[in-house]
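Trainee: No letters, just coordinates:
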């Protein structure tokens, strides 16, 4: 079975940005926990809880990032490249768990609102916006290229938005005495967490399950490869993401003629160019065949 891949320029994800974000979030977590206890604000404590979950998720993302850079070995032939997918999936799940906890706490407090020291809430919310906003800016570019970084980025982005919600609630409590707003804001934060987590869980699950990427049409792949002279039929096809950067295709290629291996190498190079340029598939594993009797369906259950 011939294997080939295309070397492409990869965006270099910077792990140090995760380290900076971890330190910033530890700072705001401690400040909000102390401030929430003193002020009696559930929204502030819930925001601190979310921040602490972010610290854990960022540490997990950092470890996964370090693991993914390890080289392949005899025992780990793919290395640890899927570690970041696992991290992204777990981080998304933690967002859901935190959100459900906040829904429960907000519903309980909504029917029993308590006086809250809104001044402290306002200042700590402003601190949260500044710190989380800085972390968001650090990870924004990396999040566009890496699912693990996107999960960390979403944690921080929702933290920043949560701090905005806490600030609005603090202002309404200060000027209008609407203490029930604290619970409402907590509920809104929780619902938003669930909303942003859904797509992340879906994307990570599809990659972990080796599903065909949404943007890949297998039939279109076949049509393009069949245009190449010397190809009889591409079949027994598998297409999957190893990680965010590597898109693999494995298939059998039935040749039109009984050609030499050197001639097949030329044919393979043409197939590789088509798959990369039209579908961004950069790792190709092809088994050559000529009139071999086996299933010729595009998709065959192994």
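Mentor: On my side now, so go ahead. Please read all numbers here as calculations on a predicted model, not as lab measurements.
Trainee: quick one: buried residues of the helix or strand harbouring residue 31?
Mentor: Using DSSP states H and E, residue 31 falls within helix 15-39. Judged by neighbour count using 16 or more other CB atoms under 10 Å, the buried positions of helix 15-39 are 15, 17-18, 21-22, 24-26, 28-29, 31-33, 35-36, 39. Bear in mind the C-beta positions are built from the backbone N, C-alpha and C, glycine included.
Trainee: One more: stretch 136-154?
Mentor: Neighbour-count burial for stretch 136-154 flags 136, 138-139, 142-143, 146-154 (criterion: 16+ other CB under 10 Å).
Trainee: Can I get these in a markdown table including distance to residue 230?
Mentor: Supplementary listing: the buried residues of stretch 136-154 in a markdown table, determined by distance: CB to CB, whole Å:
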| residue | distance to residue 230 |
| --- | --- |
| 136 | 51 |
| 138 | 50 |
| 139 | 47 |
| 142 | 42 |
| 143 | 42 |
| 146 | 38 |
| 147 | 37 |
| 148 | 41 |
| 149 | 42 |
| 150 | 41 |
| 151 | 44 |
| 152 | 47 |
| 153 | 46 |
| 154 | 47 |
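Trainee: from those residues, which single one is nearest residue 168?
Mentor: residue 136 (18.6 Å; CB to CB).
Trainee: list the contacts for residue 78?
Mentor: 72, 242 (CB atoms under 8 Å, 6 or more residues apart in numbering).
Trainee: Now do whichever helix in the chain runs longest: distance to the chain's middle.
Mentor: Identified as the longest helix of the chain according to DSSP state H is helix 147-176. Between the centre of helix 147-176 and the centre of its chain there are 20 Å (CA atoms, centre = their mean, to the nearest Å).
Trainee: hang on, the earlier thing: pick out the most distant pair among the buried residues of helix 15-39.
Mentor: The distance between the two most remote of those (CB to CB) is 35.7 Å, for 15 and 39.
Trainee: Surely residue 167 and residue 125 touch.
Mentor: Yes. Contact criterion CB atoms under 8 Å: residue 167 and residue 125 qualify, at 3.8 Å.
Trainee: out of the two, which sits in the more crowded spot?
Mentor: Set residue 167 next to residue 125 and count neighbours by other CB atoms under 10 Å: residue 125 wins out with 28 against 20.
Trainee: Surely that one and residue 170 touch.
Mentor: Yes. Using CB under 8 Å, residue 125 makes contact with residue 170 at a distance of 5.7 Å.
Trainee: neighbours around residue 277, how many?
Mentor: Applying other CB under 10 Å, we find 11 other residues in the vicinity of residue 277.
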